[in-house]
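Asks: For reference, the sequence and a predicted model appear below.
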Amino acid sequence: MLKIDAITKKFGTKTVLNGVSLTVKKGEIAVLLGSSGVGKSTLLRVLSDLDRADAGTIYFNNKKLDPISMHKQHLVGMVFQQFNLFEHLTVQQNITLALEKVAGKTKQEAAAIAHALLTHYGLADKANASINQLSGGQKQRLAIARSLAMKPEIVCLDEPTSALDPLLTTHVGNTITQLAREGYIVLVATHDTALLDKLQCTIYLMDNGSIVQTANSADFKAHPHSYPLIAKFVSGTIA
Amino acid sequence: MINFSLLLHSMPDLLRGLLVTLKIAALGCGIGLGLGTCFGVAQALGPRIARLAVTLYVTLMRGTPMLMQIIFIFYVLPQCGIHIPAFWAATTAIGLNSAAYISQVIRSGIASVNRGQIEAARVLGLDSSTIIYLIILPQAIRAVLPALGNEFITLVKDSSLASTIGVAELSKEGSLIRSRTLDALTVFFGVALLYLIVTTTLSLCVSYLEKRMNPDVKN
């Protein structure tokens, strides 16, 4: 179980995250919903240790985590908005690099893990292709496969549909659902309400660095008027 | 008219000079590439003090002629008790000068690498040196290979400055043959031809490397 407790982050005088708290259990999906600049991506970056929180605590399975131990345990896998794949490496090398250099696997072991992941994400035939030869959807699947290579417990996806053709939203939704079914704790930062529609999740609506409303997605679909802020966002009045 | 018989007769001396030229260029290139890469990385990714030190070095080396730097190492350092043979004085000066230019080429290459890849590597747990050597530098060098190729070609031509302190490289051998034969046209035609062969070969090698380092071509 991941518990984020009162995380605050400032950039200069601007407070980007203001005491954000949430809890996500194994196999659950948390969607951080909100417009650009409300702090969704920053929360994922704090969780990935790309940015350090100014205050607050992160717990994993009731143990307090400091960023260094989070890093050492490879608890978090991150799928970036622009994928951030290593463009000079092949598809397979994108996965094997960390396995060999960080996890200390042999070339053969790393290749076997990469092959299993690529097969799972339908990229086995692209193993030796360069990144430029992949479509947007394939790049995202590779980014997900790469983030899983180090066996993280938590997978963060930052705006997973924004760099893709809208037709792929259903596919992305299925992939995220599958990640949760496989037991990962999944956090998704998005402003894409079409993606939200595809997920069984807990919705955390963010505004000005704070969570302003929380809802179970099934509850929200059944009773949208009980969640006026989320309903407004989804209907586009805030966005 | 070019005296081909004299040209052929002079070729062993010219080739001996060319070998010295190639030695100076190769060693200077090694010093320049090694130091230049370290300096470029330090300036692009290092702490403030390292960036400042590299900026100072680059200002100094780019702001003074290479000839002065060769003269400084060969004539000034002995006054401080440091005696360096002419060949090594020229090679060191050329290498140190080249390092300043190469550092800026590498720095611009590093700036062209998408920062997001560095963040992705950090999340995967790669340490800083692995990120520099396996993620940043291969892409940075690929991006600046044409500029690096130009720098290496310039370095081959600049090696002729070694003749000013008596190193018998290609230009110096040419001058010596000219003073013996008084046929400047033939001798310097030969010298220029040899420089052209070396620089053209170097250009072709750089083009080949560019293609090899392009992942789309490689795969």
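Replies: Structure received.
Asks: make it CA atoms for all contacts and neighbour counts henceforth
Replies: Will do.
Asks: Point to the helix or strand of chain B where mean pLDDT is at its lowest.
Replies: helix B:215-218 (a mean of 59; mean pLDDT, DSSP states H and E).
Asks: ok, now chain A?
Replies: Going by mean pLDDT, DSSP H and E, chain A bottoms out at helix A:67-72, a mean of 66.
Asks: For chain B, what's its nearest residue on chain A.
Replies: Per C-alpha to the nearest C-alpha, residue A:84 is where chain A lies closest to chain B, at 4.8 Å.
Asks: so what does the helix or strand harbouring residue B:31 touch, helix or strand wise?
Replies: Using DSSP states H and E, residue B:31 maps to helix B:4-45. With contacts defined as 3 or more C-alpha pairs under 8 Å, 6 or more residues apart in numbering or on different chains; DSSP states H and E, the packing partners of helix B:4-45 are helix B:48-63, helix B:86-112, helix B:137-158, helix B:170-181, helix B:184-213.
Asks: quick one, that helix and helix B:86-112 angle?
Replies: Interaxial angle of helix B:4-45 relative to helix B:86-112 (axes from the mean of the first three to the mean of the last three C-alpha atoms, to 10 degrees): 50 degrees.
Asks: Tell me where the model's unsure across chain A.
Replies: Applying pLDDT under 70 to chain A flags residues A:67-72, A:237-239.
Asks: Tell me where it has helices.
Replies: A:40-47, A:67-72, A:91-101, A:107-120, A:136-148, A:169-181, A:193-197, A:217-222, A:228-235 (DSSP state H).
Asks: between those, which one is nearest to residue B:77?
Replies: helix A:91-101 (45.2 Å; C-alpha to C-alpha).
Asks: helices or strands next to the closest one in the packing?
Replies: helix A:107-120, helix A:136-148.
Asks: Look up the closest residue to the residue of chain A closest to chain B, ignoring the ones flanking it.
Replies: Of all residues not flanking residue A:84 in the chain, residue B:117 sits nearest, at 4.8 Å (C-alpha to C-alpha, 6 or more residues apart in numbering or on different chains).
Asks: what helix or strand does the one you found sit in?
Replies: In this structure, residue B:117 sits in helix B:115-123 according to DSSP H and E.
Asks: buried ones in that helix?
Replies: Buried residues in helix B:115-123, counted by 16 or more other C-alpha atoms under 10 Å in any protein chain shown: B:116-123.
Asks: coming back round to it: rebuild the helices and strands packed on helix A:91-101 as a markdown table, extending it with distance to residue B:16 and mean neighbour count.
Replies: Below are those laid out as a markdown table (distance: least, C-alpha to C-alpha, whole Å; neighbours: other C-alpha atoms under 10 Å in any protein chain shown):
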| stretch | distance to residue B:16 | mean neighbour count |
| --- | --- | --- |
| helix A:107-120 | 47 | 17 |
| helix A:136-148 | 55 | 23 |
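Asks: export the ones you listed to CSV and tack on distance to residue B:95?
Replies: Below are these laid out as CSV (distance: least, C-alpha to C-alpha, whole Å):
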stretch, distance to residue B:95
helix A:107-120, 38
helix A:136-148, 41
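Asks: Same list, those helices, but as CSV with distance to chain B please.
Replies: Listed next are those as CSV, based on distance: least, C-alpha to the nearest C-alpha, whole Å:
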stretch, distance to chain B
helix A:107-120, 14
helix A:136-148, 7
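Asks: Quick one, which of these gets closest to residue A:228.
Replies: helix A:136-148 (32.8 Å).
Asks: contacting residues around that closest one?
Replies: Contact with helix A:136-148 is made by A:77-80, A:83-85, A:91, A:94-95, A:117-118, A:121, A:123, A:131, A:155, A:160, A:163-165, A:168, B:124, as judged by C-alpha atoms under 8 Å, 6 or more residues apart in numbering or on different chains.
Asks: of those residues, buried ones?
Replies: Neighbour-count burial (16+ other C-alpha under 10 Å) applied to these gives A:77-80, A:83-85, A:91, A:94-95, A:117-118, A:121, A:123, A:131, A:155, A:160, A:164, B:124.
Asks: what does chain B have sitting close to chain A?
Replies: Contact residues (C-alpha under 8 Å from any C-alpha of the partner chain) of chain B with chain A: B:114, B:116-117, B:119-126, B:130, B:135, B:138-139, B:214-216, B:219.
Asks: circling back: which of the helices and strands packed on helix B:4-45 sits closest to residue A:235?
Replies: Of the helices and strands packed on helix B:4-45, nearest to residue A:235 by C-alpha to C-alpha is helix B:86-112, at 40.2 Å.
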